Structure formats: structure tokens, C-alpha cells
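Q: no sequence for this one, just the structure:
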């Protein structure tokens, strides 16, 4: 199976919540997915950083797409652990996920979430996640 980014983008666009957040699939290859989300004020908490739910959504969605790139689109997140390292204050979130192991029923995926933009150049690591995705 060769991953098709156009098909994957269509699946993402079919998710109302993903459309609400403005999520875009910027990379989709065998074992790898990258998701970007514009970080508007509606996704920030009272201290100005991105709400943890926005980072968690980015990690969950990226790791599920990475798993789907090797297991097909009939997958669901079974579990995910996330560590928040620092507040994301940039203009955009970037979640990069990579398959660690693909078994016959479960796929283990690692994801790093960065912020980019704002008052500085480059990307800054804000969270790391590890998830298990089940084939349906």
C-alpha cells in the first residue's frame, strides 16, 4: 500500500472537528505524518499559551494518520500518553508522528509537537506523545 496524501487530506477534511481547528496534513508517507494547525486566540488558555487540548488533538491526529499510512484508514487510537514540556505560544502548531512498530493488530507511534512563529524564529518542542493505534 502506497500512502496517498490526497486521500488522507480528504479523510481529515471529512472530520468536522479538524475543519473547525483548521488542521492541515502537510506530510503523509509510509510510517510518517505531519499535521499543522494555526494557533489562533480561540485555542489559547488564559495565560496566552495553547490549550493542552489543542496539543493533544494535534498529537492524537498525527499519530493516527502515521499509523494509517501503514495499516490503512480503518484505525482508531487505543491509548495515548502526552508530556507537555512548555507552553506553545507561536502562530502555528506542528505535530510530527512516526511509527515505532506496526504489528498485526496494533501500531505504536511516537509524536513530537512544536510551535512555530510568534516573536521568534524556528520551531520549539512543546510536547511529546506516545500512542497505540488499533486496526479495526
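A: Received the coordinates, thanks. From a predicted model like this one, the values you see are computed outputs, not experimental measurements.

Q: Buried by neighbour count: which residues of the longest strand seen in the chain qualify?
A: Ranked by residue count, the top strand of the chain under DSSP state E comes out as strand 123-135. Buried residues in strand 123-135, counted by 16 or more other CB atoms under 10 Å: 126-127, 129-133, 135. Backbone N, C-alpha and C define where each C-beta goes, glycine included.

Q: and which of those residues is nearest residue 59?
A: residue 129 (3.8 Å; CB to CB).

Q: so who does that closest one touch?
A: Neighbour list for residue 129: 56, 59-60, 63, 80-83, 110-113 [criterion: CB atoms under 8 Å, 6 or more residues apart in numbering].

Q: Narrow the residues you listed to those in strands?
A: When DSSP E is applied, the contacts of residue 129 are split such that 80-83, 110-113 fall in strands.

Q: measure the closest residue to residue 117 other than its chain neighbours to residue 7 for me?
A: Sequence neighbours aside, residue 91 is the residue nearest to residue 117 in space, at 3.2 Å (criterion: CB to CB, 6 or more residues apart in numbering). According to CB to CB, to the nearest Å, residue 91 and residue 7 sit 28 Å apart.

Q: For the helix or strand containing residue 53, give the mean pLDDT please.
A: Using DSSP states H and E, residue 53 sits in helix 52-71. Across helix 52-71, pLDDT averages out at 97.

Q: Then stretch 78-85?
A: Stretch 78-85 comes out at a mean pLDDT of 98.

Q: Show me which positions of it end up buried.
A: Those would be 80, 82, 84, for stretch 78-85 by 16+ other CB under 10 Å.
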